[in-house]
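**Q** pasting the structure only:
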C-alpha cells in the first residue's frame with residue numbers, strides 16, 4: 001500500500017536539503033488545472049534530510065509569476081510576499097488579479113531555526129473559466145425526450161494549420177460524459193462531472209489535450225450518459241422526479257494557443273452533429289445495455305463519414321452556477337482479478353472476486369452474433385452458488401426484465417472477441433453471475449473487476465500484532481472508498497445516496513485515513529445549495545426532492561457543522577468553516593425556534609441498534625448542543641464577538657436542559673442507561689465535570705455486563721469507544737473494539753466480511769447492505785484510543801499535536817501513522833511484560849504534548865519538539 005508521503009519525494013527531482021519545502025499544493029491539489037477561485041490557498045511541507053530535532057520554519061517567502069524561469073530565479077510578476085516572519089504553511093493568494101485561462105508558476109522559500117534558507121521546486125496552477133460569462137460554447141443536446149433510452153453521441157471536425165503551444169478542453173455537462181479527440185479517450189476519470197443539485201450548480205472539467213491535437217484535420221467526440229441528471233430507472237427515492245430532470249446536454253470550449261501567440265476556440269454550436277450508437281441504455285442505478293452490432297467505428301476521428309448523423313439542438317443553461325470541479329476525481333483505482341469461477345453450464349458462470357467493492361467489471365467474450373449476455377452483480381450467493389440480490393434490490397421499482405437491477409446486458413456482434421466495460425454506471429458487488437441465451441466459453445481471466453472510487457490519497461495506516469485489527473481497518477478502508485463517489489454515500493448498490501448521517505459519523509475515520517478535503521468541500525457546497533431559507537436540510541444530499549421529511553434532523557443533518565469543523569481541525573484550513581458559517585447559523589436558529597425548552601426530538605435516533613432503544617430527545621438534543629458549540633467556536637475564530645457570546649450562552653442552556661431532564665445525579669445514569677444514552681453525552685462533553693467518573697463507570701459496568709459486546713446503533717457506535725478510552729477505561733474500550741463474537745465489529749470480520757456492514761445481525765431481514773460506512777468510527781478510534789493522535793483545536797491542522805496513547809494489555813505491538821499537513825506523525829509502541837517502548841515522530845514545524853495514561857510510571861505530561869523520540873516506561877499493575 002502506498003502512502004502519501006512515499007510519493008511526495010517523487011514530486012521534486014532536485015536534491016533535498018536541511019529543511020526543504022516540498023509537496024506544494026494549490027487548493028489542496030498538486031499543479032491543478034482549471035481552478036476558479038481568485039484567492040487560491042497555497043500549502044507546503046518541510047522535508048528534513050537528517051534526524052535533527054526541533055526543525056521549524058521561522059520565515060517564508062512566496063513568489064508567483066507567469067514565467068517559470070523568472071520564478072526559479074526568485075522573480076515573480078504576480079505576487080512576491082518578501083520574507084515574512086511566520087511559521088504558517090498555509091496562506092491565501094493576495095497578489096495581482098488572476099486572469100482566466102492562465103498558468104501561474106510558484107515556489108516557496110523558507111528559513112529554519114538556524115536561519116538556513118532553502119527553496120522548493122517550481123510548481124504551477126492554472127485558472128479556468130473564472131466566470132460563467134467566459135464560456136464561448138452553447139449548451140447543446142440531441143433533442144430527444146427524457147425517456148429515450150440510447151445515449152447521444154456528438155462530433156465536430158476542425159482543422160489546425162499552425163504549431164500548437166497548448167490546448168485545453170473545458171467541458172460542462174448536465175449528466176455524465178466521455179470526451180474523445182481523434183479517436184482517443186481523454187483522461188482516466190470516471191463518472192465526470194460529479195453529481196450536484198443540477199438546477200443550482202453544474203461542474204465543468206478541464207483537460208490538457210495539447211498532445212492529442214494534430215496538424216491538419218481533427219475531430220472531437222462527446223458521449224453523454226444520464227447519471228443522476230436524467231434518471232430513467234425507478235426507485236423509492238424518486239430519482240426520476242427530480243426537478244432538474246432533462247435529456248443530457250453539454251457545453252464545450254477547446255481553447256488552442258499557437259506558438260505565434262494567437263488563439264482559436266472550437267466551441268459547441270449547432271454545427272456539431274449527433275447520433276445514437278451501441279450504448280442503448282445507461283443507468284447510474286441499474287446498469288448498462290450495449291449492442292456491439294451498433295458500434296460506429298471511428299466515430300470520433302476526422303475521417304469518419306457523418307453524413308447520416310443529425311443536427312443538434314440548443315438547450316438553456318441548466319443553472320446559474322457553472323463552476324470548476326476541483327477535487328480528486330473518480331477512477332478505476334485498483335484492478336481485481338477473479339479469485340475463482342464456477343461453471344454451471346455453457347450458459348451460466350459465477351465469478352468470485354474475493355472482496356466486496358464498488359466498481360465495474362470488464363468482460364472479454366466471443367460468441368454468435370446476437371447472443372445476449374447478462375452480468376448480474378451482487379454481494380451474496382444462494383446456497384446453489386448463484387448470485388442473490390435480495391439484500392440490495394429491495395427499493396428498486398423498475399422493470400426487472402427490461403432494466404434488471406445491478407445488471408449489464410451485452411449483445412455480441414459475432415466478429416471475434418468483444419470487450420465491454422460500463423461507462424456511466426457502478427455497482428456494489430463481490431460476485432458476478434454471467435448468463436447467456438446461447439453457449440459461450442469463459443475462463444477465470446474472462447472477467448476483471450475494477451475497484452472504482454474517488455482517488456483520494458491514503459494518509460493513514462494502522463499496523464498491530466493482532467490480525468483482527470488489521471483486517472478490520474482494511475474492511476473500513478474498503479467500505480469508505482466504496483462509498484466515496486465525489487460525495488460520501490451510504491452504500492454502493494441499494495441506494496447510492498449521500499446520507500448525511502453516514503457522512504458525519506465516519507468523518508474522523510475518513511480524515512485519519514484519506515486526504516479527502518476536496519471531496520468534502522464539494523459536498524458542503526451541495527449542502528448550501530440544498531438548504532432551505534429557514535435553515536432546514538434534507539437527510540440525503542444531493543437530492544432530487546426526497547429527504548425533507550419529519551426525521552431529517554440533528555443526528556443526521558449536523559453534517560453542515562460537524563464536517564467543516566473537522567476539516568478545520570485536521571487541515572488547519574478555516575475556509576470550509578467560513579463558507580458554511582451562515583448556513584450553520586440558519587440551521588441552529590431554526591432548531592432553536594422549534595425547541596423552546598432547548599430540547600428537541602428532531603432526528604432519526606440511534607439507527608439499527610442491537611436491542612436497546614435510546615431516547616431520541618436525548619440524542620437529538622446532544623447534537624443540537626454540538627452544532628451550537630461549533631457555531632460559537634467558529635464565531636470566536638472569525639472574531640464575531642456578538643455571535644460568540646450569544647451562541648456560547650445558548651450551548652450552555654442546551655447542556656443544562658439535557659442534564660436537568662435526563663441525568664440522575666444520584667445514580668449517574670442518563671435516561672434508561674443504555675450504552676448509547678451513557679456514551680453519547682460523554683463523547684460530546686455534555687456530562688458535568690464532577691459526574692464524568694460516575695457516568696463513565698456506569699457505562700463500563702454496562703459493557704462488562706454485556707460481555708464486552710455492543711448494544712448500540714449508529715450514534716452509540718460513534719460514541720462508545722471514545723467515551724470509555726477518554727475517561728479512564730481504555731482497556732474496556734479495547735476489549736469492545738476487538739470483540740469477535742456477536743454483536744461486534746469483529747464478528748463481521750471472522751465471518752468473512754471484507755467491508756463494514758449495515759447490521760450487527762448477520763441473519764437480519766432488513767437494513768442488510770454488506771457495504772456500509774455508518775458504523776465506521778472504529779477505525780478512527782484506533783488512531784485516537786490506542787495511538788492517541790489528536791489535533792489541537794487551539795493550533796489546528798496538527799500544528800500542535802495532542803498525544804494520549806493507551807498501552808492496553810493483550811496487544812504486543814501497535815503502530816499508527818498519519819500524514820498531517822506538516823508531515824508524517826507516528827505513534828508506535830511495544831509492550832513486553834511491564835516494559836513499554838514508545839516511539840513517536842513529530843513532523844517538522846510541529847510540536848506535541850504527550851499525556852501518558854495512569855497505568856505507567858513517570859511524568860504524565862511531556863512536551864515534544866519535531867523529530868523522533870524513543871521513550872521507555874514501566875507499566876503499573
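**A** Arrived safely, thanks for sending. Computed from a predicted structure; not experimentally measured. Numbering: from 1, shown residues only.
**Q** quick one: distance of stretch 303-314 to the chain centre.
**A** With C-alpha atoms, centre = their mean, to the nearest Å as the basis, stretch 303-314 stands 39 Å off its chain's centre.
**Q** typed the wrong thing, it's stretch 172-188
**A** 23 Å.
**Q** also stretch 326-343?
**A** Per C-alpha atoms, centre = their mean, the centroid offset for stretch 326-343 relative to its chain is 17 Å.
**Q** part of a strand, is residue 438?
**A** No - using DSSP: H, G, I helix; E, B strand; the rest coil, the assignment for residue 438 is coil, not a strand.
**Q** OK, contacts around it?
**A** 347, 367-368, 371-372 (C-beta atoms under 8 Å, 6 or more residues apart in numbering). Any C-beta I mention is one placed from the backbone N, CA and C, and that applies to glycine too.
**Q** write the ChimeraX selection for whichever of these are buried.
**A** Under the burial definition 16 or more other C-beta atoms under 10 Å, those of the contacts of residue 438 that qualify are selected in ChimeraX by:
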select :367,371
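**Q** show me which pair in the contacts of residue 438 is furthest apart.
**A** For the contacts of residue 438, the maximum inter-member distance is 12.3 Å, found between 347 and 368 (C-beta to C-beta).
**Q** re the thing from before, could you dump the contacts of residue 438 to TSV with distance to residue 714?
**A** Output for the contacts of residue 438, formatted as TSV (distance: C-beta to C-beta, whole Å):
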residue	distance to residue 714
347	43
367	47
368	51
371	46
372	42
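**Q** where's residue 648 relative to residue 660, distance?
**A** Separation of residue 648 from residue 660 (C-beta to C-beta, to the nearest Å) stands at 19 Å.
**Q** kindly report the same for residue 19.
**A** 54 Å.
**Q** higher neighbour count, those two?
**A** Taking other C-beta atoms under 10 Å, residue 19 and residue 660 do not tie; residue 19 has more neighbours (26 against 12).
**Q** one step back: and the contacts of residue 438 as JSON lines, adding secondary structure and pLDDT?
**A** Shown next, in JSON lines, are these (DSSP: H, G, I helix; E, B strand; the rest coil; pLDDT from 0 to 100):
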{"residue": "347", "secondary structure": "coil", "pLDDT": "98"}
{"residue": "367", "secondary structure": "coil", "pLDDT": "98"}
{"residue": "368", "secondary structure": "coil", "pLDDT": "98"}
{"residue": "371", "secondary structure": "coil", "pLDDT": "98"}
{"residue": "372", "secondary structure": "strand", "pLDDT": "98"}
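**Q** of all the contacts of residue 438, which comes closest to residue 133?
**A** For the contacts of residue 438, the nearest to residue 133 is residue 372 (49.0 Å; C-beta to C-beta).
**Q** OK, contacts around that closest one?
**A** By C-beta under 8 Å, 6+ apart, the neighbours of residue 372 are 409-412, 436-438.
**Q** ok, now with 6 Å
**A** 411, 437 (C-beta atoms under 6 Å, 6 or more residues apart in numbering).
**Q** please apply the same query to the one 3 residues further on.
**A** Residues in contact with residue 375, defined by C-beta under 6 Å, 6+ apart, are 408, 432, 434.
**Q** dump the residues you listed to JSON lines, plus distance to residue 186, pLDDT and secondary structure.
**A** Formatted as JSON lines, those follow (distance: C-beta to C-beta, whole Å; pLDDT from 0 to 100; DSSP: H, G, I helix; E, B strand; the rest coil):
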{"residue": "408", "distance to residue 186": "24", "pLDDT": "98", "secondary structure": "strand"}
{"residue": "432", "distance to residue 186": "29", "pLDDT": "98", "secondary structure": "strand"}
{"residue": "434", "distance to residue 186": "31", "pLDDT": "98", "secondary structure": "strand"}
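**Q** just among those, which is most surrounded?
**A** Top of the contacts of residue 375 by neighbour count (other C-beta under 10 Å): residue 408, with 27 neighbours.
**Q** distance of that residue relative to residue 685?
**A** 50 Å.
**Q** could you check the pLDDT of the most centrally placed residue in the chain?
**A** Residue closest to the average C-alpha location in the chain (C-alpha atoms, centre = their mean): residue 484, at 4.5 Å. Listed pLDDT for residue 484 reads 98.
**Q** quick one: it and residue 455 touch, right?
**A** No - with contact defined as C-beta atoms under 6 Å, residue 484 does not count as touching residue 455 (9.3 Å).
**Q** give me the pLDDT for the closest residue to residue 794 other than its chain neighbours.
**A** Computed as C-beta to C-beta, 6 or more residues apart in numbering, the closest residue to residue 794 that is not its neighbour in sequence is residue 800, at 7.1 Å. Looking at residue 800, its pLDDT stands at 98.
**Q** partners of residue 800 in the sheet?
**A** residue 847 (DSSP bridges).
**Q** that one reaches residue 845, doesn't it?
**A** No - judged on C-beta under 6 Å, residue 800 makes no contact with residue 845 at a distance of 10.6 Å.
**Q** shaky segments in this structure?
**A** Scanning the chain with the threshold set as pLDDT under 70 gives 1-18, 50-51.
**Q** which one's more surrounded, residue 800 and residue 845?
**A** residue 845 (24 against 17).
**Q** would you list the phi and psi of residue 412?
**A** phi -80, psi 150 (degrees, to the nearest 10).
**Q** ok, residue 72 touching residue 123?
**A** No - contact status for residue 72 versus residue 123: not in contact, 11.0 Å apart, counting by C-beta under 6 Å.
**Q** between these two, which one's more packed in?
**A** Higher neighbour count among residue 72 and residue 123: residue 123, with 25 against 15, using other C-beta under 10 Å.
**Q** who are the contact partners of that one?
**A** By C-beta under 6 Å, 6+ apart, the neighbours of residue 123 are 24, 31, 106.
**Q** could you flag which of those residues are buried?
**A** Buried, going by 16+ other C-beta under 10 Å: 24, 106, out of those.
**Q** restricted to strands, list the contacts of residue 123.
**A** 24, 106 (DSSP state E).
**Q** which one of the contacts of residue 123 is nearest residue 332?
**A** Nearest to residue 332 among those, with distances taken as C-beta to C-beta, is residue 31, at 22.2 Å.
**Q** so the closest one sits against residue 124, correct?
**A** Yes - using C-beta under 6 Å, residue 31 makes contact with residue 124 at a distance of 5.2 Å.
**Q** need phi/psi at the residue nearest to residue 175 when sequence neighbours are not counted.
**A** Closest residue to residue 175 apart from its sequence neighbours, by C-beta to C-beta, 6+ apart: residue 248 at 3.0 Å. When read as degrees, to the nearest 10, the backbone of residue 248 gives phi -50, psi 150.
**Q** quick check, nearest of the contacts of residue 123 to residue 301?
**A** Among the contacts of residue 123, and counting by C-beta to C-beta, the member closest to residue 301 is residue 31, at 30.5 Å.
**Q** return the residues in contact with the closest one.
**A** 123-124.
**Q** ok, residue 108 - how many residues close by?
**A** Applying other C-beta under 10 Å, I find that residue 108 has 27 neighbouring residues.
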